[in-house]
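Colleague: Next comes the sequence, and after it the predicted model I'd like to discuss.
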Amino acid sequence: MNNLAIVSIIMGILLVIGRGPLIFAPAATLRVIRKIVKKKSNLRLLGIPTSLLGAAMITSSLDTNQSFTLIILIPGCLILLAGLSEIFITSFIQRIGIYIWSMSKRKARLLGLFSVVLGSGFIYLGLAVF
């Protein structure tokens, strides 16, 4: 198993674990996420592993010559940008996060379902394609 497969599986697991609770308990999950987003220090602390995951996705996709590497490279660039934004422009990201996470329960369930399907796709890519 190469680095690209490992990073793809980790990304899929994080998506399923992180957004899966939105399907079953949207109100409680939204409450916890809003509580986390309200503190700037929490956002900065979340920006560090987010940036590291994005950097790992970028470096692992650049190390291989497979045709599906853009599926990992583009989200890796976006995740790295999001992580660095959480660290350096925290107040702007905090306002965006508070606005986004004030969604309804129905939208939260749809987001959770979409994220679990997307995470399952990343896990499939890691296990079967890469």
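Modeller: Okay, I see it.
Colleague: residues in contact with the most centrally placed residue in the chain?
Modeller: Central residue check for the chain by CA atoms, centre = their mean: the C-alpha nearest the mean position is that of Leu15, 5.9 Å away. For Leu15, the contact set (CB atoms under 8 Å, 6 or more residues apart in numbering) comprises 115-116, 118-119, 122. The C-beta positions use only the backbone N, C-alpha and C, and glycine is treated the same way.
Colleague: How about it: what's its closest non-neighbour residue?
Modeller: Distance criterion CB to CB, 6 or more residues apart in numbering; nearest residue to Leu15, sequence neighbours excluded, is Gly119 at 3.0 Å.
Colleague: Buried residues in the longest helix belonging to the chain, which are they?
Modeller: If each helix of the chain is counted by residues according to DSSP state H, the longest one is helix 40-62. Buried residues in helix 40-62, counted by 16 or more other CB atoms under 10 Å: 43, 46-47, 50-51, 53-58, 60-61.
Colleague: give me phi/psi at the residue sitting furthest away from the middle of the chain?
Modeller: The outermost residue of the chain relative to its centre, with distances by CA atoms, centre = their mean, is Asn65 at 24.5 Å. Geometry field for Asn65 lists phi and psi as phi -110, psi 30, criterion degrees, to the nearest 10.
Colleague: Just the pLDDT for it.
Modeller: What the model reports for Asn65 is a pLDDT of 79.
Colleague: Quick one: residues contacting it.
Modeller: With contacts taken as CB under 8 Å, 6+ apart, Asn65 has no neighbouring residues.
Colleague: Can you tell me, leaving aside adjacent residues, what's nearest to Thr59?
Modeller: Take Thr59 and drop its neighbours on the chain: the residue closest to it by CB to CB, 6+ apart is Asn3, 7.8 Å away.
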